[in-house]
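Trainee: sequence and predicted structure below; questions after.
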Amino acid sequence: MPDSLVLTRPDDWHLHLRDGPALATVVPHSARQFARAIVMPNLVPPVTTTQAALAYRDRILAAVPDGLSFDPLMTLYLTDNTDPAEISTAMASGHVPACKLYPAGATTNSDRGVTDIANVSDVLAEMEKQGMVLCVHGEVTDAAVDVFDREARFIDAVLIPLLRDFPSLRVVFEHVTTADAVQFVSAASSRVAATITPQHLMYNRNALFTGGLRPHHYCLPVLKRETHRTALVDAATGGDRRFFLGTDSAPHARYAKEADCGCAGCYSGYHALELYAAVFDAAGALAALEGFASHHGADFYGLARNTDTVTLERAGHVVPAAFAYGDDELVPLCAGETLGWRLRTH
Ligand code: DOR
Ligand code: ZN
């Protein structure tokens, strides 16, 4: 078994960085590991224009520590009122390669999301024409549909018609959590891909209730049964180019997680690569980590692969209990636990 692993520097194809004082905590963590990240636009108010995206990008860049280089790839948040003309502005900027589709009400700060796909059909047609990627939060929002079934239902209700109506649109089915989604993406054409988070590879839904309610394991889409987790591990480690790394690292202050109505989101931005390495190691698939973490996403987005490297070492290292986060604290996934892999800092 190798004791160290050199990888092409990876990218994070799905990341929440928030704004304001949060950036000082989370941007250095991501920039230490990743060269680029697709940055989610679900701020309050959401990032709906290229102008807002570029201003946000500048605030992120201001938080990158000296000596590290990090390229935030920005996204626009689609609403029922997105102007199709915004797509060419975004593409021309060179910094906004994707739009994000949140079904209204599906998750954190999605209330201004799309209420009916028909409302954005002109925008999707323009994206298809211009080769812009659509990132999708793949869950239906119907209150009558069980929360554990919302992703599988989305495939038939929304995704299949969407792919049929826009036959050249490139789509990332974000943070897939089910065997249904894995099967769908595996059978789809190469214009469909999926990101997979560390928490959905590491945990099944029992982790929400181990010894009591575990708010730091709560994210959306919610953790699923063990059969789904193993299907995700098989997909991530199997070498299929349609599956790639997207942490969905979603920081929330401790008070917002440990609350009556706690926010959805796991913070993995500090140690995501080490978490993925542990999963691939346990699956006997360390050789597949580089494709998943460093090649497949860049290839799908049509961007050059990174040329520098990172080194992971097999060495115990304890995850901090919390980080300072504005006026509060940020509790990472696996807080206080010992990880078996450590990213070497050069
Ligand atoms: O758990 C989640 N948190 N899922 C999402 O889709 C959004 C994210 C957030 O922004 O907190
Ligand atoms: Zn997300």
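Mentor: Noted; the coordinates are in hand. Ligands and ions are numbered 1, 2, ... in the order given.

Trainee: how about the residues of this structure by ligand 1?
Mentor: In this structure, the chain approaches ligand 1 at residues H16, N42, T107, T108, H137, C219, L220, A250, A264, G265, judged by C-beta under 6 Å from any ligand atom. No exception for glycine: its C-beta is placed from N, CA and C like everyone else's.

Trainee: 5 Å instead, please
Mentor: Residues of the chain that fall close to ligand 1, judged by C-beta under 5 Å from any ligand atom: H16, T107, T108, C219, L220, A250, A264, G265.

Trainee: just to check, C266 is in contact with P251?
Mentor: No. Contact criterion C-beta atoms under 8 Å: C266 and P251 do not qualify, at 9.1 Å.

Trainee: just the buried ones from the residues of the chain next to ligand 1, in PyMOL syntax?
Mentor: In PyMOL, this line selects whichever of these come out buried by 16 or more other C-beta atoms under 10 Å:
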select buried, resi 16+107+108+219+220+250+264+265
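
Trainee: JSON lines for the residues of the chain next to ligand 1, including pLDDT and secondary structure?
Mentor: Below are the residues of the chain next to ligand 1 laid out as JSON lines (pLDDT from 0 to 100; DSSP: H, G, I helix; E, B strand; the rest coil):
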{"residue": "H16", "pLDDT": "98", "secondary structure": "coil"}
{"residue": "T107", "pLDDT": "83", "secondary structure": "coil"}
{"residue": "T108", "pLDDT": "81", "secondary structure": "coil"}
{"residue": "C219", "pLDDT": "98", "secondary structure": "coil"}
{"residue": "L220", "pLDDT": "97", "secondary structure": "coil"}
{"residue": "A250", "pLDDT": "98", "secondary structure": "coil"}
{"residue": "A264", "pLDDT": "98", "secondary structure": "coil"}
{"residue": "G265", "pLDDT": "98", "secondary structure": "coil"}
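
Trainee: report the two of the residues of the chain next to ligand 1 separated the most.
Mentor: H16 and L220 (11.8 Å; C-beta to C-beta).

Trainee: give me the common contacts of those two.
Mentor: G265 (C-beta atoms under 8 Å, 6 or more residues apart in numbering).

Trainee: in the chain, where is pLDDT below threshold?
Mentor: Scanning the chain for pLDDT under 70 picks out 346.

Trainee: helices of that one, residue ranges please.
Mentor: 22-33, 50-62, 85-93, 121-130, 150-154, 160-165, 179-187, 198-202, 226-237, 254-257, 272-282, 289-290, 296-301 (DSSP state H).

Trainee: just the buried residues of the second one, please?
Mentor: Translated: helix 50-62. T50, A52, A53, L54, Y56, R57, I60.

Trainee: what sits against the fourth one?
Mentor: Right, the one you point to is L54. Per C-beta under 8 Å, 6+ apart, neighbours of L54: M74, S93, H95, V96.

Trainee: how about the residues you listed in a markdown table, adding neighbour count?
Mentor: A markdown table is the format used below for these (neighbours: other C-beta atoms under 10 Å):
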| residue | neighbour count |
| --- | --- |
| M74 | 24 |
| S93 | 15 |
| H95 | 16 |
| V96 | 25 |
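
Trainee: now, which of the residues you listed sits nearest D308?
Mentor: Checking these one by one against D308 (C-beta to C-beta), the nearest turns out to be H95, at 20.6 Å.

Trainee: end-to-end on stretch 282-291?
Mentor: In stretch 282-291, first residue to last residue: 17 Å (C-alpha to C-alpha, to the nearest Å).

Trainee: any idea how far S69 lies from ligand 1?
Mentor: Remark: distance between S69 and ligand 1 (C-beta to the nearest ligand atom, to the nearest Å) = 25 Å.

Trainee: again, but for G316
Mentor: 28 Å.

Trainee: quick check: that residue touching G340?
Mentor: Yes. Counting by C-beta under 8 Å, G340 is a contact partner of G316 at 6.5 Å.

Trainee: so between those two, which is more surrounded?
Mentor: Legend: neighbour count by other C-beta atoms under 10 Å for G316 and G340, higher for G340 (14 against 9).

Trainee: count of residues packed around the nearest residue to that one once chain neighbours are set aside?
Mentor: Once flanking residues are discounted, G340 sits nearest to A278: 5.4 Å by C-beta to C-beta, 6 or more residues apart in numbering. A278 has 20 neighbours, counted by other C-beta under 10 Å.

Trainee: contacting residues for A278?
Mentor: M202, L339, G340, W341.

Trainee: re earlier: what's the most buried one of the helices of the chain?
Mentor: When the helices of the chain are scored by mean count of other C-beta atoms under 10 Å, the highest mean neighbour count falls to helix 198-202 (a mean of 25).

Trainee: tell me how far the ends of stretch 151-169 are from each other?
Mentor: 20 Å.

Trainee: what lies in contact with that stretch?
Mentor: The contact list for stretch 151-169 (C-beta under 8 Å, 6+ apart) reads 103, 117, 121, 124-125, 127-128, 134, 136, 138-140, 142, 145, 171, 173, 176-178, 180-181, 184, 188, 191-192, 221.
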